[in-house]
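Q: Dropping a prediction and its sequence here:
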Amino acid sequence: MCWKTLLLLLLCYDAQATLSHRWSRAVLFPAAHRPKRSSSVPLNPILQSSLEEVQLLYEFLLAELEIGPDLKISIKDEELASLRKASDFCTICNEVIPKSIPDIRRLSARLSSHPGVLKKEDFERTALTLAYVAYRTALSQGHQKDVWAQALLSLFQALRHDLMRSSGPRASP
């Protein structure tokens with residue numbers, strides 16, 4: 001099974017899971033909640049609010065993505081890139097998800113100590129971070145490949161753990 005298919009399955013599963021959150025939790029993706037003066041980036045952008053949007057997200061990931069030297073991610077397919085949700089996708093990929101190994105390790109540490117089930121937007125951002133790390137792992141060589149592979153494994157384990165928690169017995173509100 002390729003990583004893109006696995007990611008679609010993870011996103012579809014999460015889109016169907018609905019759980020109430022009784023308490024406020026620490027922010028896993030602080031960049032999503034920080035307004036930027038120089039841009040019109042929406043505060044706390046979210047991609048998936050329906051199954052159709054999950055499928056569109058999968059199309060973005062299947063389309064050829066380009067990661068520039070400045071680590072900016074863009075969709076090469078002009079038709080897909082022109083969609084409104086493509087703008088949200090690029091915003092999340094370029095402004096919200098972590099891209100450096102130290103930042104990804106911090107996210108993994110926060111995820112491993114996170115109580116309860118992830119919010120939909122946190123799951124989505126973690127899955128996109130996983131896709132980014134998979135891409136970087138594939139492009140790396142030698143020791144760097146090992147470092148990226150370890151980050152990939154940590155994120156995968158965090159998502160797997162979250163899915164197992166969310167599929168367990170649910171307490172009534």
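A: Sure thing, it's come through. These numbers were taken from a predicted model, which means no experiment stands behind them.

Q: can we go C-alpha only for contacts and neighbour counts from here?
A: Noted.

Q: D122 and Q48 touch, don't they?
A: No. Using C-alpha atoms under 8 Å, D122 is not in contact with Q48; the gap is 11.2 Å.

Q: Which residue of the two possesses the greater neighbour count?
A: Q48 (21 against 18; other C-alpha atoms under 10 Å).

Q: Now do the SS call for the more buried one.
A: coil (DSSP: H, G, I helix; E, B strand; the rest coil).

Q: what about the strands in the protein?
A: 65-67, 73-75 (DSSP state E).

Q: Make TSV out of the ones you listed and add mean neighbour count, mean pLDDT and distance to A151.
A: What follows is the strands of the chain, written out as TSV (neighbours: other C-alpha atoms under 10 Å; pLDDT from 0 to 100; distance: least, C-alpha to C-alpha, whole Å):
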stretch	mean neighbour count	mean pLDDT	distance to A151
strand 65-67	14	87	18
strand 73-75	20	92	19
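
Q: Minimum distance to E53: which of those has it?
A: strand 73-75 (16.1 Å; C-alpha to C-alpha).

Q: Give the pairing partners of that closest one; include direction for each.
A: Neighbouring strands of strand 73-75 in its sheet, by DSSP bridges, are strand 65-67 (antiparallel).

Q: Give me the contacts around the strand it pairs with.
A: 72-76 (C-alpha atoms under 8 Å, 6 or more residues apart in numbering).

Q: between these, which is nearest Y135?
A: Nearest member of these to Y135, counting by C-alpha to C-alpha, is I73, at 11.3 Å.

Q: List the residues that contact the closest one.
A: So I73 contacts 65-67, 90, 93-94 (C-alpha under 8 Å, 6+ apart).

Q: on that earlier part again, let me know which of the strands of the chain is the nearest to L57.
A: Of the strands of the chain, nearest to L57 by C-alpha to C-alpha is strand 73-75, at 11.4 Å.

Q: Can you name the residues that contact L118?
A: D162.

Q: what's the distance between it and L130?
A: The gap separating L118 from L130 is 15 Å, by C-alpha to C-alpha, to the nearest Å.

Q: R136 now?
A: The value you get for R136 to L130, if C-alpha to C-alpha is used, is 10 Å.
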